[in-house]
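J.: I'll drop the sequence and a predicted model, then ask my questions.
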Amino acid sequence: MAARTTGFALLSSASVQEAHDFALIAQVATLKSRIPIVHFFDGFRTSHEVNKLEILSDEQIKSMIPDELIIAHRNRGLNPENPFIRGTAQNPDVYFQGRETVNTFYNNMSGIVEDVMNDFYVMTGRKYELFQYSGAADADRVIIVMGSGGETVDETVQALNATGEKTGVLLVRLYRPFSLEHFIKALPKSVKSIAILDRTKESGAAGEPMYQDVLSTLVDALQQKKITALPALIGGRYGLSSKEFTPAMVKAVFDELKKDKPKNGFTIGINDDVTHLSLSYDPNYKLDESEWRQGLFFGLGSDGTVGANKNTIKIIGENTPLYGQGYFVYDSKKSGARTVSHLRFGPKPIRAPYLIDFIACHQFNFTEKVEMLEFASMGATFLLNSPYSKEEVWSKLTGQVQRIIIEKKIKFYVIDATTVARDTGMNGRINTIMQTCYFAISGVLPREEAIKQIKKAIEKTYYKKGPKVIEQNFLAVDATLANMYEVNYPITVSAADHALLTVSNKAPDFVKNVTAVMMADHGDQLPVSMMPIDGTYPSGTTQWEKRNVSDRVAIWEPDLCIQCGNCAYVCPHSVIRAKFYHKDNLNKAPEGFKTAPINARGFPETKYSLQVYLEDCTGCNLCVEVCPVSDPNNRNIKAINLGEKEPIVEEEK
């Protein structure tokens, strides 16, 4: 929206396929019109999605772009063989006149883009319009939207109309120039109320940008007698910063349009308890998911979960008639933080979220921190990476998790993927192991064919890493199924409920009431009143997080340490702290506290310690790599090593 006053044409694509297609349409249209085009799509929501699409061939691209347009464009460029001046300073006497010379080009732009879209339709069979309407021909309520949100609105419109409602969606594709003629032509004449959804906030304005464009266009059309009456208009905001936009929210907007006095300037998807602009919605409203499969994978940044799931989408898309979609959510902490992968498959292009029938948890401790099974459908499948055997894993789950598994009759599988990875030389990379489990359980592909395609994807993904890495991945895949087990669980809950305590009770109120909620993946439930008004947050809040994301942590060996401090220096999470102190301080030290004499002159009664904060360690192994010291009797043992956390966690606290 910040670019809308630049004079560039603005062309919006709403999906992965459209982003591919509109790249060509924009190129052809800009050459024909001589107006620069910003082709844009929703950052992250569309840019990071993996989907099945039809690729344009080089021959198709060439047939759409006439050579003479390219030559004319090049000839207009600055060239010393054809010298001229462009961009001169102008005085007030002529600047205004010169500025108006471009009007004809902008007047023709909409028609040019429409013609290019029609040519594209003839070539590919994919139909695009400047303003694309979908829904009931006699719709009385219409949502106008731009970008990926239009896909969700369209799916919801089809579901609502199937129950007898008269709704529609108008998807804006060419936002600048905004064509009155094409807009009025696309809008149903029966419409009585319209909601315009903007994915932006322009503080202080009379309305958001597209709301004002639609309002002025309809008023202009009324004055020109191109419409006989002005429909009721309301504007609203949604999806800022890629916030989730669901069919339930779409239905709430349509329900608002039914009211005699619908709320203008509303928000949807949040709880605004300050200015009370938000619309309430029923989160339990779902679309029919009978044709679809959806999986949810909770992983750890750098464990390869996201990469493996991208390969899964490609394998299924290329080897089955199913359409696939992958969408990935990352924590801002990047490496070592939680990742969530959404995978969807179905017989038609996927345009909205559906209920989840497969959930995979790649880190056992996530079961105590994230309510991941709340979205599971009845009879769904749950795959857990667990250090515990199939006989003891049930007793290690919280009461809440046991209850959901029993009530929803979930099929429960476990595998110790971390051990399999370690035994096959994969260290902490469990991605291909969990991927193999998914294919074996889901049956999307025959098991042998799935393993064949997984290995093919491994070769393609890791060929630059060398044959050793590829072979290690192959070994991990082959060892997977022998270590995966189905858990036969009782029909009663045997464990106590466990509060999702993500931070200490000693933490400040802001950390407990805001930060902890965000850490538990419930940030969407925080109301406006809980957020800082100017973006000011307290510092040092990471000391309360204690994420416990790794089962292998740094362990110090005092007898080998030369006290160089490399490990403390290189640790990216400040897990390792080096301290020297007077030996009298050890009188208050707990039993088993590790210490060593200071290795320097002038400190005769001084001791040295490395304190490792196990709950913050991500098991990245950087400290081990930079340690310059090895045990003379075993070169694999250094002064600091990665070891199992569980046996030492209590004594190290």
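T.: Received, thanks.
J.: how many other residues sit next to Thr267?
T.: Close neighbours of Thr267, defined as other Cβ atoms under 10 Å, add up to 19. All C-beta atoms are positioned from the backbone trio N, CA, C, and that covers glycine.
J.: is it fair to say it lies in a helix?
T.: No. Under the criterion used here (DSSP: H, G, I helix; E, B strand; the rest coil), Thr267 is strand, not part of a helix.
J.: beta partners for it?
T.: Arg237, Ser278 (DSSP bridges).
J.: all strands of the stretch 301-450 of the chain, in order?
T.: 323-330, 338-346, 356-361, 376-385, 411-415 (DSSP state E, counting those that start in this stretch).
J.: okay, and for the stretch 401-550 of the chain, where does confidence drop off?
T.: 499-501 (pLDDT under 70).
J.: quick revisit: so which of the strands of the stretch 301-450 of the chain gets nearest Ala139?
T.: Smallest distance to Ala139 across the strands of the stretch 301-450 of the chain (Cβ to Cβ): 26.2 Å, for strand 338-346.
J.: May I see the buried residues of the longest helix along the chain?
T.: Ranked by residue count and defined by DSSP state H, the top helix of the chain is helix 103-124. Buried residues in helix 103-124, counting neighbours by 16 or more other Cβ atoms under 10 Å, are found at Met109, Ser110, Ile112, Val113, Glu114, Val116, Met117, Phe120.
J.: before we move on, what about stretch 166-179?
T.: Buried, per 16+ other Cβ under 10 Å, within stretch 166-179: 166-179.
J.: Could you pull up phi and psi at Tyr238?
T.: Taking degrees, to the nearest 10, you get phi -150, psi 160 for the backbone angles of Tyr238.
J.: And for Tyr133?
T.: Backbone dihedrals for Tyr133, given as degrees, to the nearest 10, come out at phi -100, psi 140.
J.: what does the model give Asp42 for pLDDT?
T.: Per-residue pLDDT puts Asp42 at 89.
J.: how many neighbours does it have?
T.: Residues near Asp42, counting by other Cβ under 10 Å, number 22.
J.: Could you do the one 4 residues further on as well?
T.: By the other Cβ under 10 Å criterion, the neighbourhood of Thr46 contains 21 residues.
J.: how about it, what does it touch?
T.: Applying Cβ atoms under 8 Å, 6 or more residues apart in numbering, we find Thr46 in contact with Ser13, Ala14, Ser15, Val16, Ala19, Gly147, Ser148.
J.: now Val28
T.: Contact analysis of Val28 by Cβ under 8 Å, 6+ apart lists Met64, Ile65, Leu69, Val116, Asp119.
J.: Can you pick out the most distant pair from the residues you listed?
T.: Largest separation among the contacts of Val28 by Cβ to Cβ: Leu69 and Asp119, giving 13.0 Å.
J.: now the chain, which segments are flagged as low pLDDT?
T.: In the chain, residues with pLDDT under 70: 289-290, 334-336, 352-355, 499-501, 653.
J.: Give me the residue at the spatial middle of it.
T.: Val329 (3.0 Å; Cα atoms, centre = their mean).
J.: Can you tell me the closest non-neighbouring residue to that one?
T.: Spatially, and ignoring its direct neighbours in sequence, Val329 is nearest to Val340 (4.3 Å; Cβ to Cβ, 6 or more residues apart in numbering).
J.: which residues of the stretch 151-300 of the chain fall in strands?
T.: Going by DSSP E, counting those that start in this stretch, the stretch 151-300 of the chain shows strands at 167-172, 174-176, 193-198, 232-237, 266-268, 278-279, 293-300.
J.: how far out from the middle of the chain is the shortest one?
T.: What separates the centre of strand 278-279 from the centre of its chain is 24 Å, taken as Cα atoms, centre = their mean, to the nearest Å.
J.: name the helices or strands packed onto that strand?
T.: Here strand 278-279 touches helix 247-257, strand 266-268, going by 3 or more Cβ pairs under 8 Å, 6 or more residues apart in numbering; DSSP states H and E.
J.: Save the strands of the stretch 151-300 of the chain as JSON lines, and put in distance to Arg429 too.
T.: Shown next, in JSON lines, are these (distance: least, Cβ to Cβ, whole Å):
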{"stretch": "strand 167-172", "distance to Arg429": "41"}
{"stretch": "strand 174-176", "distance to Arg429": "44"}
{"stretch": "strand 193-198", "distance to Arg429": "41"}
{"stretch": "strand 232-237", "distance to Arg429": "41"}
{"stretch": "strand 266-268", "distance to Arg429": "40"}
{"stretch": "strand 278-279", "distance to Arg429": "43"}
{"stretch": "strand 293-300", "distance to Arg429": "11"}
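J.: Out of those, which is closest to Gly207?
T.: Nearest to Gly207 among the strands of the stretch 151-300 of the chain is strand 232-237 (5.0 Å), distances taken as Cβ to Cβ.
J.: circling back to that earlier point, can you tell me which of the strands of the stretch 301-450 of the chain is nearest to Thr30?
T.: Of the strands of the stretch 301-450 of the chain, nearest to Thr30 by Cβ to Cβ is strand 323-330, at 29.9 Å.
J.: one step back: any idea which of the contacts of Val28 is closest to Lys506?
T.: Nearest to Lys506, judged by Cβ to Cβ, of the contacts of Val28 is Val116 at 63.2 Å.
J.: I'd assumed Leu31 was in contact with the closest one.
T.: No. Counting by Cβ atoms under 8 Å, Val116 does not reach Leu31; the two are 9.6 Å apart.
J.: Next, count neighbours for Asp600.
T.: Actually, residue 600 is Ala. It isn't Asp. Neighbour count of Ala600, defined by other Cβ under 10 Å: 10.
J.: quick check, it in a strand?
T.: No. In this structure, Ala600 is coil, not part of a strand, as judged by three-state DSSP.
J.: How many residues are close by the residue nearest to Val329?
T.: Look at Val340: counted by other Cβ under 10 Å, it has 18 neighbours.
J.: Return the residues in contact with Gly150.
T.: Gly150 makes contacts with Ala14, Val169, Leu171, as judged by Cβ under 8 Å, 6+ apart.
J.: Any chance of CSV for those residues, columns distance to Met484?
T.: Below are the contacts of Gly150 laid out as CSV (distance: Cβ to Cβ, whole Å):
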residue, distance to Met484
Ala14, 39
Val169, 44
Leu171, 44
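J.: Can you tell me which of those is nearest Gly317?
T.: Ala14 (19.6 Å).
J.: gap between the closest one and Thr152?
T.: Distance, Ala14 to Thr152, by Cβ to Cβ, to the nearest Å: 10 Å.
J.: Gly77 now?
T.: 42 Å.
J.: Of those two, which one has the most company?
T.: Thr152 (24 against 8).
J.: surely the more buried one meets Thr246?
T.: Yes. Contact criterion Cβ under 8 Å: Thr152 and Thr246 qualify, at 6.8 Å.
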